[in-house]
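>>> structure here, sequence nowhere to be found:
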């Protein structure tokens, strides 16, 4: 006998999200979380980090005074609102996705939690007068949130249980090592910025910059960052040659090719900004390219898949690469 559902139950069951629709939501969230990284970099590079010296208000008011630094800093705070909405929507809609996937629910929950963590850390950063430790931690947390957001977007676009298991273990671990090296190079870049002229404050404001050898600190950190980036660039080129020689998966080769091009552009920008005494616009482009390199390295790692267990015969590895229909 058919039993009629209550009106409330009918409304609850009727509001569902398809896998393809949810995949688009996840990519939008990733885009929003990348945007907030770039807007935060603009605040720091324009010397507007203390444009609003208190938090969450600005000079004790709910709106900023009419000066450029305050407006830039407050605008970054305002942008946080739609970003938070996108992150929260990714989690809420994961609950309504059908078929339901617990892995997406737990992974998407990291996005609003990450945004909340960034807001709290941002408050400590302002109250700590842009201490270099808070500033570096702020950017590092942004990169970790992008890892979660990319993982969510990637997993939302693929059905569970079909992730590629590669018998080419050296290739998989090499690509994963590239992603780790990319993270190290980016973190070294935050240290270079923390020791340089773009620590976030405007002229006359006392900022606790990274310093352990006086004025020589900046040159030391910048050169170490350059050396790590050089090693990363050589490793990327070697990976490109390796994949081409082994006729690896075309999508994996494509991701590494793009990574090579981004590294070439990043190297050129890095040299120009160093020779021109770190102009604000060039440093901002440098940060933007760093985000693109980070996401591309994550794309390559996701495409490479997981290594096949040594005890598992090659014939048992799943070969399907079915994606969620657009």
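Nice, I can see it. It should be emphasised that the depicted structure is a prediction, and the values quoted were computed from it without experimental measurement.
>>> what helix or strand is residue 254 on?
Following DSSP states H and E, one finds residue 254 within helix 250-275.
>>> got the domain ranges for the chain?
16-157, 163-326 (automatic domain parsing).
>>> what's the angle between whichever strand or helix holds residue 179 and helix 250-275?
According to DSSP H and E, residue 179 maps onto helix 169-195. Counting by axes from the mean of the first three to the mean of the last three CA atoms, to 10 degrees, helix 169-195 lies at 20 degrees to helix 250-275.
>>> mind giving me the packing neighbours of helix 169-195?
helix 132-156, helix 216-245, helix 250-275, helix 280-304, strand 306-307 (3 or more CB pairs under 8 Å, 6 or more residues apart in numbering; DSSP states H and E). Yep, even glycine has a C-beta here, placed from its N, CA and C like the rest.
>>> out of those, which is closest to residue 71?
Among the helices and strands packed on helix 169-195, the nearest to residue 71 by CB to CB is helix 280-304 (16.5 Å).
>>> hmm, back to that, and the helix holding residue 254, which residues are buried?
Neighbour counts over helix 250-275 (16 or more other CB atoms under 10 Å) mark 252-253, 255-257, 259-260, 262-263, 266, 269-270, 273 as buried.
>>> nearest to residue 154 among these?
residue 255 (11.9 Å).
>>> residue 291 versus the closest residue to the closest one other than its chain neighbours, what's the distance?
The spatially closest residue to residue 255, leaving aside those adjacent along the chain, is residue 300, at 4.0 Å (CB to CB, 6 or more residues apart in numbering). In this view, residue 300 and residue 291 are 15 Å apart by CB to CB, to the nearest Å.
>>> which of the two has more neighbours?
Between residue 300 and residue 291, counting by other CB atoms under 10 Å, residue 300 is the more crowded of the two (27 against 18).
>>> contacts only, for the more buried one.
With contact taken as CB atoms under 8 Å, 6 or more residues apart in numbering, residue 300 is in contact with 175, 178, 179, 252, 255, 256, 259.
>>> need the max-distance pair from those residues.
Farthest pair in these, by CB to CB: 179 and 252, 12.7 Å.
>>> thinking again about what came up before, CSV for the contacts of residue 300, including pLDDT and distance to residue 16?
Shown next, in CSV, are these (pLDDT from 0 to 100; distance: CB to CB, whole Å):
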residue, pLDDT, distance to residue 16
175, 94, 36
178, 95, 39
179, 95, 34
252, 92, 34
255, 95, 33
256, 96, 38
259, 96, 37
